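Novice: fold the following for me, if possible:
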Amino acid sequence: MFQKIDPKALNQNVFSAIGDQWMLITAGTADKCNTMTASWGGLGMIWGAPAATCYIRPQRYTKEFMDREEYFTLTFFGEEYRRQLQLCGSRSGRNTNKVKECGFTVAAAECGAPYFEEAELVLVCRKRFAQPMDPDRIPQEIKTKWYPKQDYHILYIGEIVEALVKD
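Specialist: Residues are numbered from 1 along each chain as shown. Here you go, the predicted model:
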């Protein structure tokens with residue numbers, strides 16, 4: 001069971017939660033959604049509200065859902081779900097029903113955004129901004145290391161409208 005809390009009450013180390021433990025970015029509806037693993041992102045404040053940033057490459061199937069929907073979720077799991085997060089980061093939802101393969105149970109936030117009952121923390125976000133990265137503003141050494149295919153991420157900013165923690 002989840003308990004709703006004020007996002008400002010979160011006490012997780014966001015560097016570890018995102019960069020080491022990873023998160024799932026999920027968009028769509030409870031009936032039809034797609035999810036992907038991410039280890040890039042951030043949490044903070046912008047425009048007077050708690051916010052999350054996430055980055056999605058243009059070829060990712062999840063991007064279609066992110067662009068179409070007003071809301072998305074970021075979900076964080078315990079280490080026992082590492083295998084499932086690896087699967088969600090290595091297979092496309094175009095060809096694989098990742099939710100079924102992972103054995104996840106889809107639930108819907110008040111706004112209808114999908115999340116997974118197995119998560120420990122859910123951040124429900126209202127999409128407020130999306131913009132492709134400008135390759136002319138990225139240092140060459142970063143482009144060389146992270147973008148050999150020139151598939152620059154799209155930056156999404158979401159206002160955190162709901163934070164749910166597992167009881």
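Novice: separation between Pro7 and Gln140?
Specialist: 37 Å (C-beta to C-beta, to the nearest Å). Where C-beta positions appear, they are placed from N, C-alpha and C, glycine not excepted.
Novice: in terms of contact, does Glu117 touch Ala108 like I think?
Specialist: No: applying C-beta atoms under 8 Å, one finds Glu117 not in contact with Ala108, separated by 10.8 Å.
Novice: could you find the closest non-adjacent residue to Phe116?
Specialist: Leaving aside its sequence neighbours, Phe116 sits nearest to Phe104 (C-beta to C-beta, 6 or more residues apart in numbering; 4.4 Å).
Novice: was I right about the one you found contacting Tyr115?
Specialist: No: in this structure Phe104 lies outside contact range of Tyr115 using C-beta under 8 Å: 9.4 Å.
Novice: these two: who's more crowded?
Specialist: For Phe104 versus Tyr115, neighbours defined as other C-beta atoms under 10 Å are more numerous around Tyr115 (28 against 23).
Novice: secondary structure element for the more buried one, which one?
Specialist: strand 114-116 (DSSP states H and E).
Novice: so what does that strand touch, helix or strand wise?
Specialist: Here strand 114-116 touches strand 23-28, strand 71-76, strand 106-108, strand 121-132, going by 3 or more C-beta pairs under 8 Å, 6 or more residues apart in numbering; DSSP states H and E.
Novice: coming back round to it: neighbour count: Pro7 and Gln140, which is higher?
Specialist: Pro7 (19 against 8).
Novice: give me the pLDDT for Lys166.
Specialist: Lys166 is assigned 95 on the pLDDT scale.
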